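[1] Mind folding the following:
(chains A and B)
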There are 2 protein chains.
Amino acid sequence: MRIDETTFESLVDEYQQRVDAALDRWLPPASVNPMRLHQAMRYAVLAPGKRVRPILVYSTAAALGIDLEKVDGAACAVEIIHAYSLIHDDLPAMDDDDLRRGRPTCHRKFDEATAILAGDALQALAFYIISHDPKMTSDANARLQMIENLAMFSGSRGMAGGQAIDLEAVGKRLNIAELEAMHIHKTGALIRTCIRLSALSCKGLSETDFKALDSYAKCIGLSFQVQDDILDVTGDTKTLGKTQGSDSARNKPTFPAILGLRESREKAAELHQQALQALSIFAEEADILRYISAWFVQRTH
Amino acid sequence: MRIDETTFESLVDEYQQRVDAALDRWLPPASVNPMRLHQAMRYAVLAPGKRVRPILVYSTAAALGIDLEKVDGAACAVEIIHAYSLIHDDLPAMDDDDLRRGRPTCHRKFDEATAILAGDALQALAFYIISHDPKMTSDANARLQMIENLAMFSGSRGMAGGQAIDLEAVGKRLNIAELEAMHIHKTGALIRTCIRLSALSCKGLSETDFKALDSYAKCIGLSFQVQDDILDVTGDTKTLGKTQGSDSARNKPTFPAILGLRESREKAAELHQQALQALSIFAEEADILRYISAWFVQRTH
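    Predicted coordinates for the structure are as follows:
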């Protein structure tokens, strides 16, 4: 499929609507007890967001010719894991943020206890979906591998571990290798999971193709964060939906702080080239993934 | 197997040692980065504890003639979910407890942020174990059902939901039905999961046997909590390993507060009889489960 700005934007719209509808179906109704908890879960997950991770799941499925219905569950699971991590990261004991996606953070809208529990219950829901969704692959072993991937990449050696490294790093001078290691865990691991879950949904995918997609995923997982750090310096609060400059204000190490702005931009561009290189064994069916890599390093919010 | 106090105590010892060894293997080493997070995870899980949930997993396996090796993963998973819930329940925004299992709570020993992340990472680890453990049943569909059960019974309609109901109930006057509903979620759901995970490990178990075990599990899940409430009134801080009277001091609804102490004891005895009734289709192979039901309502800590 030929991808230009118009076709990409229409695909993004389609994927966002698709995952929002699926999330709405999987989330417990706000009218069911415990209502406050269910309201908090829905508030956090259904907040307006870019849905970057579901878009990655669907785009990889599209590139591999998989029915999108077969990856709705995976798209919901990664977005729900992402949402739970944001709730907990925003807590007073962690980043202590008041604003998220342009609205009060979950613990500000509800209360801290409810926010902690909403995050916990969301994590469980993500695993429930992959184990239960009747529309996902009927290959039970592939599903177990998806759960294994999601658990590993969101746990202490993945996303949660990255957040722990991040907390320890506040006020410290990291070198570039340490900063990269932090982000490979904190953001990269879950982005990598998105691509791997779709790849695992593809019956008969070769080991070579799987590895190529995984290399691509590693590159864009890091370039996404480099660009995030750049935007924290150059963006404005309104466009970002969170407080501009909040990372540097908190004395968190960032790519621009260590490399400078120009070299950070070069770093992002280099990762984009590596991502394209990883996809070189694919023909035009992977154009959407190529486009996404470019989008990651060119986005303004 | 004939069960008396001596054989039961020796089985409990065996099961405790067995699960502690397995937990030690599954938990990330304290020397691996992020070290503080891994130390907190180990501190919380490996704290001296009764290991009630693993004992239930192993005892059910023993009753069904399943190799204990096949349920080590399930035993670890339920204990890890239990440990994560204790870490989060103890947080200042929740129950604000300083003491747990006779030692400082996780956020007192480490810090709040680390405690939140340790809980999060432990939840992921529980699902990782069931999806990954090569020694568990090779029936991938049975494993998916285990994950589905664990996720459902620990999420917003299970354990986490029960904690949310509990928080909302502080200072309120609940009737006995509401109190039971709270505990069926908060403690009962995970206890029920223990028995269900072992039952799912048993190839060819009849629907009738599964349902009987599940009924038994529901009864002891509630009787366990009734006895917990009784001990909160009658026990002492040293034996309990947590602050005596902390529930009533916090103005939490308890069975003795609503029913009185004598009627609470009758309630526990009644649930024990119902548990025995549920097991009536089993012969002496289920004696260990019968013994556990008695132990639950007679324990002093």
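[2] Student question: in chain A, what's the helix or strand with minimum average pLDDT?
    The weakest-scoring helix or strand in chain A, judged by mean pLDDT, DSSP states H and E, is helix A:237-240 (a mean of 54).
[3] Chain B contacts on the stretch 101-250 of chain A?
    With Cβ under 8 Å from any Cβ of the partner chain as the criterion, the stretch 101-250 of chain A meets chain B at residues A:111-114, A:116-117, A:119-121, A:123-125, A:127-128, A:130-132, A:140-141, A:143-145, A:147-148, A:150-152, A:154-158, A:160-161, A:163-165, A:167-168. The C-beta positions use only the backbone N, C-alpha and C, and glycine is treated the same way.
[4] do that again at 6 Å, thanks
    A:112-113, A:116-117, A:120-121, A:123-125, A:127-128, A:131-132, A:140-141, A:143-144, A:147-148, A:151-152, A:154-156, A:160-161, A:163-165, A:167 (Cβ under 6 Å from any Cβ of the partner chain).
[5] Now the buried members of those.
    A:112-113, A:116-117, A:120-121, A:123-125, A:127-128, A:131-132, A:140, A:143-144, A:147-148, A:151-152, A:154-156, A:160-161, A:163-165, A:167 (16 or more other Cβ atoms under 10 Å in any protein chain shown).
[6] Tell me how far the residue most central in space within chain A lies from A:Ile147.
    For chain A, A:Arg53 is the residue whose C-alpha lies nearest the centre (Cα atoms, centre = their mean; 4.2 Å). In this view, A:Arg53 and A:Ile147 are 17 Å apart by Cβ to Cβ, to the nearest Å.
[7] Among the residues of the stretch 101-250 of chain A next to chain B, which ones are in helices?
    A:112-113, A:116-117, A:120-121, A:123-125, A:127-128, A:131-132, A:140-141, A:143-144, A:147-148, A:151-152, A:154, A:160-161, A:163-165, A:167 (DSSP state H).
[8] Can you show me the strands along chain A?
    Secondary structure of chain A (DSSP state E): strands at A:99-100, A:103-104.
[9] Pick the most buried one from the ones you listed.
    strand A:99-100 (a mean of 20; mean count of other Cβ atoms under 10 Å in any protein chain shown).
[10] Strand partners (parallel or antiparallel) of that one?
    strand A:103-104 (antiparallel) (DSSP bridges).
[11] Give the rounded mean pLDDT of the partner strand.
    Per-residue pLDDT over strand A:103-104 has a mean of 96.
[12] and if you look at stretch A:45-57?
    Mean predicted lDDT for stretch A:45-57 stands at 96.
[13] burial count for A:Gln145?
    Residues lying near A:Gln145 (other Cβ atoms under 10 Å in any protein chain shown) number 17.
[14] pLDDT score for it?
    98.
[15] surely it meets A:Leu197?
    No: A:Gln145 is not in contact with A:Leu197 according to Cβ atoms under 6 Å; the separation is 9.2 Å.
[16] rewinding a little: of the strands of chain A, which approaches B:Ala47 most closely?
    Comparing the strands of chain A against B:Ala47 with Cβ to Cβ, the closest turns out to be strand A:99-100 (33.8 Å).
[17] Tell me where the stretch 1-150 of chain A is predicted with low confidence.
    For the stretch 1-150 of chain A, the stretches flagged by pLDDT under 70 are A:1.
[18] Mind jotting down where the helices sit in it?
    A:5-26, A:35-45, A:52-63, A:72-89, A:106-109, A:112-132, A:140-154 (DSSP state H, counting those that start in this stretch).
[19] ok now the first one, how far from the chain's centre?
    With Cα atoms, centre = their mean, to the nearest Å as the basis, helix A:5-26 stands 15 Å off its chain's centre.
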